[in-house]
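A.B. asks: After the sequence you'll find the predicted model.
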Amino acid sequence: MSSPDNRAVLRKHLLRLDQHIEHLQTFNSRFSWLRLGILVSGALAIWISYSRLGAAGGRLSIGGMVVTFIAVVFFHRRLDHWIHVFQIWRNMQSRQLARLELDWTGLPNPPLSPDRPRLTLDVDLDLTGPRSLHQLLDLSISREGSHLLADWLVQSNPDTEQILSRQALVRELVPLLRFRERLLFSFHLLSREAMEDRKLLGWLQEELPVGRLSWTLLLSTAWVSLNILLFWLNSLGRIPAYWLLSLVLYAIFYFYSQPAINKFLESIVELDNELDKFRPLVHYLETRSLVGCPHLVRLLAPFNDPFHRPSVQLRQIKLVTAMVGLRMNPMIGLLLNAVLPWDFLGAFLAARCRSSVVQTLPAWLRVMYELEALVSLANYAFLNPDCTFPMLVPDSLPVFRAEDIGHPLIPANQRVGNNFSIPDLGQVTIITGSNMAGKSTFIKTVGINICLAYSGGPVIATNMRIVPFRLHTCIHISDSVADGFSYFYMEVRCLKQLLEELKAENQPPVLFLIDEIFRGTNNRERMIGSRAYIHSVAGAHGVGLLATHDLELAELATTNPQVVNYHFSDQVLANKLTFDYKIHPGPSTTTNAIQIMAMEGLPLEIPPEN
């Protein structure tokens with residue numbers, strides 16, 4: 001199925017969902033009137049029954065009205081539930097269409113922490129942030145799952161074994177459409193907020209007086225037993241009312257122990273509230289059969305451990321929470337603690353639950369976060385069936401080869417694919433061309449697809465084969481007002497860091513992307529610095545793509561065999577610039593800056609030629 005077919009299918013599906021929701025909402029409004037009608041007609045029927053049939057007839061009418069009203073309310077609530085279900089499903093499908101059409105207004109902002117630092121690679125290749133690759137891909141239901149996906153995308157130093165492992169998992173997930181959708185739907189049905197590791201694991205990391213609970217439970221149990229024994233003996237008339245004194249002393253002990261007990265009781269209630277989002281996901285992962293998916297089975301092994309089944313442990317937490325919930329009513333809580341060591345027992349059981357999940361819950365969450373990130377990548381592959389999974393082959397030649405490679409953040413109907421290869425290490429490719437011809441977009445296309453490959457996902461190409469490179473970019477340089485560094489100085493630091501990385505022979509080779517080298521200085525010094533820098537990186541432990549307007553740099557290929565020229569071209573037709581966005585071998589032979597300025601009506605004074 002091609003991408004246009006996916007869009008057509010989603011539009012039809014959304015149309016059917018809109019029709020279902022409209023019909024249900026129509027019925028919903030009728031049920032509101034029906035409830036009012038039952039109350040009015042029921043009141044009239046009760047009045048007639050009492051006046052004609054007496055008290056017995058009146059009671060019968062009241063019973064009939066109550067039963068009818070309860071039944072209508074029940075079906076009305078079920079109707080509200082189904083409207084909610086269809087609306088959630090519609091929102092999910094609407095976002096899928098937005099991802100295909102790159103409609104950023106229809107995509108939610110990923111739940112990344114605002115204080116998460118953005119690396120140079122993030123900014124240069126639009127990997128995270130608004131209108132980024134991360135926003136396009138992210139389906140995560142937790143903040144940590146979203147962070148993990150972002151970390152994979154900005155991985156500049158590849159771990160080939162990890163990448164191939166993730167790639168195998170994503171491949172298995174791509175055809176499992178119902179599995180992926182059911183997983184996300186189960187969560188969104190219960191919560192509109194992302195799960196947070198802080199809330200789920202905060203209880204486990206909090207220091208609590210666990211050792212104190214054992215002896216306080218024993219003492220409180222003995223004390224309550226003594227109270228009951230003294231009360232029973234007093235009721236038989238054998239001893240005076242000593243139980244009153246014992247009860248008062250027990251009350252003092254109880255209230256003295258409350259601060260420590262409440263820490264356990266409040267923490268397990270908070271944990272259970274957050275686990276309500278997690279519980280249906282656990283249940284689904286435990287019961288879903290994944291025959292023929294060995295990598296997924298291994299990943300989800302913690303959810304199928306017969307000795308530590310998550311559903312059993314979560315059920316125990318739910319039972320303790322229900323026990324704690326009974327004490328929330330002051331009167332019931334007072335009675336329970338008067339005849340039983342209720343709070344002490346609840347705190348002790350809460351501590352037991354804590355010790356049972358202190359090792360397993362973090363493991364479940366780690367698997368869940370990884371699964372979220374993998375589902376995001378698999379969903380992207382499903383929506384874009386023309387993409388391909390790249391091959392990472394160390395020590396292969398050519399070191400980079402891509403066919404019909406395109407930028408994932410350009411709409412499919414506007415995207416132009418290119419064939420490009422780099423035969424061996426040490427090559428520096430200088431890409432020249434006019435303004436807006438596609439130089440910068442092309443080097444970003446190469447970089448962002450490599451980042452997709454390192455995440456374990458598919459790339460926008462029909463074929464891609466690469467040696468694992470360390471990535472280094474020098475594209476969107478900005479000055480640092482806080483540190484007092486100019487634009488040019490920041491660029492120099494970035495280029496110096498690249499030289500240091502190229503010297504690391506025991507590391508994977510570097511693939512560097514540079515846009516307009518030394519643009520922060522004058523023409524003469526830029527040319528001197530650029531020529532020297534390109535000569536120094538040509539033949540080093542890596543390969544590079546350098547986009548530039550300086551046609552003079554293309555001359556370096558005549559003296560240095562490891563410098564290669566490519567270009568993007570343009571034409572002026574009917575006083576309008578046109579571009580094919582295709583990369584061609586050799587240096588550019590055209591410029592268009594003067595034409596663009598003239599077309600926009602800027603004043604020009606062209607000096608006469610000597």
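C.D. replies: It's in. Numbers count the residues shown, from 1 in each chain.
A.B. asks: CA atoms for contacts and neighbours, from now on please.
C.D. replies: Fine.
A.B. asks: List of residues touching stretch 357-371?
C.D. replies: Residues outside stretch 357-371 that contact it (C-alpha atoms under 8 Å, 6 or more residues apart in numbering) are 140, 142, 144-146, 148, 197, 201, 204, 299-300, 302-303, 308, 313.
A.B. asks: switch to 7 Å and redo it
C.D. replies: 144, 145, 204, 299, 300, 302, 303 (C-alpha atoms under 7 Å, 6 or more residues apart in numbering).
A.B. asks: so what secondary structure elements neighbour the host helix or strand of residue 282?
C.D. replies: Using DSSP states H and E, residue 282 sits in helix 242-287. Here helix 242-287 touches helix 177-190, helix 197-205, helix 210-235, helix 310-326, helix 342-357, going by 3 or more C-alpha pairs under 7 Å, 6 or more residues apart in numbering; DSSP states H and E.
A.B. asks: Compute the mean per-residue pLDDT across the longest one, please.
C.D. replies: Per-residue confidence for helix 210-235 averages out to 82 on the pLDDT scale.
A.B. asks: For this structure, which segments are assigned as strands?
C.D. replies: 391-392, 400-405, 418-422, 428-433, 463-466, 470-474, 510-515, 542-547, 563-573, 576-585 (DSSP state E).
A.B. asks: The longest one: partners in the sheet, and parallel or antiparallel?
C.D. replies: What that stands for is strand 563-573. Strands that pair with strand 563-573, judged by DSSP bridges, come out as strand 428-433 (parallel), strand 576-585 (antiparallel).
A.B. asks: Buried residues, stretch 327-347. List them.
C.D. replies: Neighbour counts over stretch 327-347 (16 or more other C-alpha atoms under 10 Å) mark 327, 333, 337, 338, 340, 341, 342, 343, 344, 345, 346, 347 as buried.
A.B. asks: on that earlier part again, can you list the helices and strands packed on helix 242-287 in a markdown table and add distance to residue 470?
C.D. replies: Listed next are the helices and strands packed on helix 242-287 as a markdown table, based on distance: least, C-alpha to C-alpha, whole Å:
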| stretch | distance to residue 470 |
| --- | --- |
| helix 177-190 | 32 |
| helix 197-205 | 31 |
| helix 210-235 | 48 |
| helix 310-326 | 40 |
| helix 342-357 | 39 |
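A.B. asks: Point out the most buried one among those.
C.D. replies: helix 342-357 (a mean of 21; mean count of other C-alpha atoms under 10 Å).
A.B. asks: quick one, that helix and helix 242-287 angle?
C.D. replies: 30 degrees (axes from the mean of the first three to the mean of the last three C-alpha atoms, to 10 degrees).
A.B. asks: pLDDT on helix 342-357, on average?
C.D. replies: On average, helix 342-357 scores 80.
A.B. asks: what does stretch 123-143 give?
C.D. replies: 92.
A.B. asks: hmm, who's touching that stretch?
C.D. replies: Contacts for stretch 123-143 (C-alpha under 7 Å, 6+ apart): 99, 104, 109-112, 122, 146, 150, 153-154, 194-196, 372-373, 376-377, 380, 409, 444, 447-448, 473, 475-476.
A.B. asks: Now list the buried members of the residues you listed.
C.D. replies: Among those, those classed as buried by 16+ other C-alpha under 10 Å are 99, 104, 109-112, 122, 146, 150, 153-154, 194-196, 372-373, 376-377, 380, 409, 444, 447-448, 473, 475.
A.B. asks: then stretch 73-92 to CSV, C-alphas only?
C.D. replies: Only the C-alpha atoms of stretch 73-92 are listed here, as CSV (Å, rounded to 0.1, in the frame of the first residue of the first chain):
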residue,chain,number,x,y,z
VAL,A,73,-29.5,5.9,33.2
PHE,A,74,-27.4,2.7,32.8
PHE,A,75,-27.8,2.7,29.0
HIS,A,76,-27.3,6.4,28.8
ARG,A,77,-24.0,6.1,30.6
ARG,A,78,-23.0,3.2,28.2
LEU,A,79,-23.9,5.5,25.3
ASP,A,80,-21.6,8.3,26.8
HIS,A,81,-18.9,5.7,27.1
TRP,A,82,-19.2,4.6,23.5
ILE,A,83,-19.1,8.2,22.3
HIS,A,84,-15.9,8.7,24.4
VAL,A,85,-14.5,5.5,22.8
PHE,A,86,-15.2,6.6,19.3
GLN,A,87,-13.9,10.1,19.9
ILE,A,88,-10.6,8.7,21.3
TRP,A,89,-10.3,6.4,18.3
ARG,A,90,-11.1,9.3,15.9
ASN,A,91,-8.4,11.5,17.6
MET,A,92,-5.9,8.6,17.1
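A.B. asks: from the middle of its chain, how far away would that stretch be?
C.D. replies: Centroid displacement of stretch 73-92 relative to its chain, using C-alpha atoms, centre = their mean, to the nearest Å, is 26 Å.
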